[in-house]
Each structure stands twice: as C-alpha cells, then as structure tokens.
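Peer 1: the following block contains a protein sequence and its predicted model.
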Amino acid sequence: MSEEEIVEVMNVFNSGKLTDSSLDGSIMVKNFEKTFANFIGTKYAVAVNSCTSALLASLVALNIGYNDEVLVPSFTFVATANAVLAVGAKPVFVDIDLNDYTIDVTELEKKIGKKCKAVIPVHLYGHPANMGSIIKLAREHDLFVIEDAAQSLGASYKGQKTGAIGNLGCFSFYSTKVITCGEGGAITTNDEDLYNKLKMIRNHGLVSDHNPKILGFNFRMTEIGAALIKTQMKRVEMFLNIRRKNADKLSESLSGLDGIKLPREKVDCVNNWYLYTIFIEKNRDKVLENLNKRGLGATVYYKIPLHKTYLYTRLGYGDISLPNTILASDHVISLPVHPGLTDNDLSVITYSVKEALKIYYRN
C-alpha cells in the first residue's frame, strides 16, 4: 500500500458514499472494472466481493445446478469445488500434471460424462493451465470453461492473459494476491449476455426497485475496496516485474541441486510468479520445519487435497485415485517470492534451502 491508496480511501469517506446498490455499481467500481477489463483483454469485467463469489456467480449465470457435473482439480483451494456444491452440482475431481500442478488434460478427457456441463481449470501458483487443449475438449463436449484465475493475475497463455480465454474468468484480490483490497474479486468475460446477467446476480437479481428478475445475492464490492484495487492496478506491472526478478534469482541460486525440482514456465506461457513452488523429493515436512525454524515464511499449498478433506471424504470422494495430486500434496513447498523481499532476503532463502537439503536429502 502507498499514500495514493490512503488518499483514494479518504476521498471515499469524504464523499459519504460507501457502497452503491444500483445495477452498474458505484463510480469507483465502474472505473476499476473498465481498467481491469482493459488489462485482462476482455470486453467486460464485473467487480465482486471475493473470488468465491465470482465462481459462484459464474456457475449461476451459466444455469449450472442440481444433477449437473463440473470438472475441477482436487489440488486447489477449497473454494473451487465448494462453489460447485453451493449451486447443487457435483464436483468431478481430475488429477494434475506434475510439471505445473494444473489440471491434466488427458485425465480430464477421461472424466467427461453425460452430466458434465463445465470445467474449471485452476491456474495454480500462477502457472497457466493447458488452455488450448482444454478449450478444444470443451468445444467437442459442449462444456463451459470457467477459469479460476485467483492466483494468476497477469499470467498468459499463448499471448492471451488468463481470464480472457474461457467463457468466464474469476479473480481474487485477497490480501496475499498480486494486488489486493483485503477481500475482493472480479469476473471477466466477452459475452454481453453473461455480463448483464452477472451484474444482476451480484445485486440480488435486481435491476431496479425491489423486484428481482433472477436469483441473485449480495456479492457487491464496496466503494472502499474499489478505491484500493483501482489504485493498486496502477502498480500491477511493477509488482509482476519484481516477482519475476525474485523468481529468476531463486531459480539461478537453486538450480542444479539434488533432491529438488524447480518451477518452470511452459513454452508460450508467462507465469506471474504468484507463488514459487518447489518439489522436495525426500523428507518434505522436515525440510519445511527446518526452513520455518530459520524464520522463512515457507508453507505448503495444499497439504490436504480436496478429495481427502473431511468434507469431501464424507461426501464419498476419499477413495478416488488421483496419484499426482497425492504426490504434489506430499512433496511441494512454496517459498516467498513477493515484491517486499530484499536481495538479502533472497540470499537467506536460498542458503536456508541448501542447508536444509544437505541435512535431509541424504537421510
């Protein structure tokens, strides 16, 4: 955050208008939506109060509900699948590709059934999913594509930014994301009908008065949130450039080490380096504990894949076979890569990883 965010928030306070329940939203919201759509490369953007709301609104807008199936990875944040449950549909879990931790297209094709209505590829850690093959399969099987771009703002696949490739793209502005307003989200699309529908869905299904046209909710972004995120957009390219610089330094310093697999960008893809995730061959948990004791904010996303969580085990998913998902959950560690790191911080990170591997890779 900078002084400019503070000034914009004070402008909101001084205006006396903290939110706007009209169909098109407040001035700050509309300004942000225009800026965001231009950045992503879509015709439209709809600001909402979280990426979870974005996913849920997208499913509602596509009329996905009871008895429908939606293909999702299990190696992701719980919101991806929970949104499917929330509309009464059934998540169908698909295994991942260990090269980038995104949905495996070969496995995806195997899981497509007669009840499938949509696929939600997750651009995990900022790695773009294999959107060319996913779009091809979706067209062959008449599936909608909702991109979960919560972690991939600024990443691109073959020149197109994530969130601009499928029918809809869903973004997060949670406090740890590339840009933030604490809690917030957005939906991008090139479909005018979906755009108009989404504006109603985020506002209780209302167009005017108190006479809802369709099912809707209160998914509105506040004027303060819009002021923050609109201002953060001015520095998004700078944030992305620093993340790339930090990732390059980590890769250069950690390259060639035994017992570790580093993240790589695929050909024709640009990663936004939201997270720098490494694969530890042996003793992952001991390595992680060692790094944490050294003061590093290293962590695991996601230690328990969704199909193994209490909720989804109770729903009958616990015994499905997703071998790569299990491998990833048992072996990955995400290292700090955010713009607040100094060169000394990066040196400490790489030194600590090397020392931890010396201890635990040989054991």
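Peer 2: Perfect, thanks for sending it. These figures come from a predicted structure and were not determined experimentally.

Peer 1: now the residue nearest in space to the middle of the chain. Nearest residue, chain neighbours left out?
Peer 2: By C-alpha atoms, centre = their mean, the chain has its centre lying nearest to A150, at 2.1 Å. Spatial nearest neighbour of A150, excluding adjacent residues (C-beta to C-beta, 6 or more residues apart in numbering): S172 at 3.8 Å. Quick note: C-beta positions are derived from backbone N, CA and C, even for glycine.

Peer 1: what does A155 give?
Peer 2: N272 (4.1 Å).

Peer 1: the one you found: what's it in contact with?
Peer 2: By C-beta atoms under 8 Å, 6 or more residues apart in numbering, N272 lies in contact with 126, 151-155, 178, 240, 243.

Peer 1: if we can go back for a sec, what about the residue nearest to A150, distance to T277?
Peer 2: As defined by C-beta to C-beta, to the nearest Å, S172 lies at a distance of 17 Å from T277.

Peer 1: quick one, what contacts the residue nearest to P121 when sequence neighbours are not counted?
Peer 2: Closest residue in space to P121, ignoring its immediate chain neighbours: A129 at 3.9 Å, by C-beta to C-beta, 6+ apart. A129 makes contact with 100, 102-103, 121-123, 147, 157, according to C-beta under 8 Å, 6+ apart.

Peer 1: state the pair within these that is farthest apart.
Peer 2: Spanning the widest gap among the contacts of A129 are D100 and E147, at 14.8 Å by C-beta to C-beta.

Peer 1: more neighbours: the two, which one.
Peer 2: Between D100 and E147, counting by other C-beta atoms under 10 Å, E147 is the more crowded of the two (30 against 23).

Peer 1: give me the three-state assignment for the residue nearest to I320 when sequence neighbours are not counted.
Peer 2: In this structure, I320 finds its nearest non-sequential neighbour in H307, 5.6 Å apart by C-beta to C-beta, 6+ apart. Following DSSP: H, G, I helix; E, B strand; the rest coil, we place H307 in the helix state.

Peer 1: coming back round to it: between S172 and T277, who's got more neighbours?
Peer 2: Neighbour tally, S172 and T277, criterion other C-beta under 10 Å: the higher count belongs to S172, 28 against 22.

Peer 1: ok, now which ones touch the more buried one?
Peer 2: 50-51, 54, 150-151, 184-185.

Peer 1: again, 7 Å this time
Peer 2: 50-51, 150, 185 (C-beta atoms under 7 Å, 6 or more residues apart in numbering).

Peer 1: also E147?
Peer 2: 121, 123, 162-163, 165-166, 168-170.

Peer 1: isn't there a helix covering it?
Peer 2: No - assignment of E147 by three-state DSSP gives strand, placing it outside any helix.

Peer 1: just the pLDDT for it.
Peer 2: Among the per-residue scores, E147 holds a pLDDT of 98.

Peer 1: repeat that for Y361.
Peer 2: Looking at Y361, the pLDDT reads 80.

Peer 1: my guess is it contacts G259, does it?
Peer 2: Yes - here Y361 lies in contact with G259, judged by C-beta atoms under 7 Å, at a distance of 3.6 Å.

Peer 1: common neighbours of the two, please.
Peer 2: K282.

Peer 1: burial of G166, as a residue count?
Peer 2: So G166, with other C-beta under 10 Å, has 28 neighbours.

Peer 1: roughly how far apart are the closest residue to it other than its chain neighbours and T313?
Peer 2: Nearest residue to G166, sequence neighbours excluded (C-beta to C-beta, 6+ apart): V145, at 3.2 Å. Distance, V145 to T313, using C-beta to C-beta: 28 Å.

Peer 1: with neighbour numbers in mind, choose between the two.
Peer 2: Between V145 and T313, counted using other C-beta under 10 Å, the more crowded position is V145 (21 against 14).

Peer 1: give the contact list for that one.
Peer 2: V145 neighbours (C-beta under 7 Å, 6+ apart): 119, 134-135, 138, 166-167.

Peer 1: does N290 really touch K354, like I thought?
Peer 2: No - N290 is beyond contact range of K354, at 11.2 Å (criterion: C-beta under 7 Å).

Peer 1: out of those two, name the residue with the larger neighbour count.
Peer 2: N290 (19 against 13).

Peer 1: and that one, that's in a helix?
Peer 2: Yes - counting by three-state DSSP, N290 is located in a helix.

Peer 1: look up how far V9 lies from the residue lying closest to it once chain neighbours are set aside.
Peer 2: Distance criterion C-beta to C-beta, 6+ apart; nearest residue to N290, sequence neighbours excluded, is A356 at 4.3 Å. Distance of A356 to V9, given as C-beta to C-beta: 41 Å.

Peer 1: okay, the two: which has more neighbours?
Peer 2: Using other C-beta under 10 Å as the criterion, A356 and V9 rank with A356 on top: 25 against 19.
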